[in-house]
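Peer 1: What follows is a predicted structure for the sequence shown.
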Amino acid sequence: MKKRISFFTAVVTLLLGSSFVFAAPQKPAVNSNLQAVPISATDSPALREAAADRYFQTIPIQSVMDDIQANINTLPEGARERAREIVAKALTKDVIEKIRKQNLVNTFTAEEIDAMTKFNLTPVGASVQQKMGTYLRGMQLDFQSAILKAGRL
């Protein structure tokens, strides 16, 4: 019997596929609260949140929203409008901000977030960030294709 992948599953896979791109080969060091283990004595939840705020100045929310829309545009034409409706309802700017901040501070230490911010402020870092959406979309399309192909088996 062939397995079918639902429209919703395909959309979620496409939109959230970037999490696979950055998956570490091994589990990161986390405690029972799913927070990154501090690597220095100068790390705290408050410092992480402040570092996250600085980091987000280098990657504005609009660029995240634009990337989501670009991902939707890679869906088959008949699926795009429904995907836009789902995303508009589920992923408001406030929801995206909350999710990206929560995941950033739960994954990285303040020192690591600051290092990413400093990198993004360099010419090379700015260039990398400008190309990241294209890179991730390419990966997501390949993931989607592999998943859809597996669904036809």
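Peer 2: Yep, it's here.
Peer 1: who does the helix or strand where V124 lies touch, helix- and strand-wise?
Peer 2: Element membership of V124, judged by DSSP states H and E, is helix 123-151. In terms of contacts (3 or more CB pairs under 8 Å, 6 or more residues apart in numbering; DSSP states H and E), helix 123-151 is packed against helix 7-16, helix 18-21, helix 61-72, helix 110-120. Yep, even glycine has a C-beta here, placed from its N, CA and C like the rest.
Peer 1: What angle do helix 61-72 and that helix make with each other?
Peer 2: Here the directions of helix 123-151 and helix 61-72 differ by 30 degrees (axes from the mean of the first three to the mean of the last three CA atoms, to 10 degrees).
Peer 1: got the buried residues for helix 123-151?
Peer 2: By neighbour count on 16 or more other CB atoms under 10 Å, the buried set for helix 123-151 is G133, L136, R137, Q140, F143, Q144.
Peer 1: Run the angle between it and helix 110-120 for me.
Peer 2: Our comparison of helix 123-151 with helix 110-120, counting by the same axes, to 10 degrees, yields an angle of 100 degrees.
Peer 1: Least confident secondary structure element in this structure?
Peer 2: The helix or strand of the chain with the poorest confidence is helix 18-21; it has a mean of 38 (mean pLDDT, DSSP states H and E).
Peer 1: downstream neighbour of that helix in the secondary structure list?
Peer 2: Criterion used, DSSP H and E; the element after helix 18-21 is helix 45-56.
Peer 1: any idea of the mean pLDDT in that next one?
Peer 2: Taken as a whole, helix 45-56 has a mean pLDDT of 95.
Peer 1: now swap in stretch 120-130 and tell me
Peer 2: Here stretch 120-130 scores 94 as its mean pLDDT.
Peer 1: what does stretch 101-110 give?
Peer 2: 95.
Peer 1: That one: which residues count as buried?
Peer 2: Within stretch 101-110, the residues that qualify as buried are K101, L104, V105, T107, F108, T109, A110, counting by 16+ other CB under 10 Å.
Peer 1: cool, and stretch 93-100?
Peer 2: For stretch 93-100, the neighbour count (16+ other CB under 10 Å) marks I96, R100 as buried.
Peer 1: Return the distance of T107 relative to A70.
Peer 2: Using CB to CB, to the nearest Å, T107 is found at 24 Å from A70.
Peer 1: Apart from its neighbours in sequence, what residue is nearest I59?
Peer 2: Excluding the flanking residues, the one nearest I59 by CB to CB, 6 or more residues apart in numbering is Q129, at 6.3 Å.
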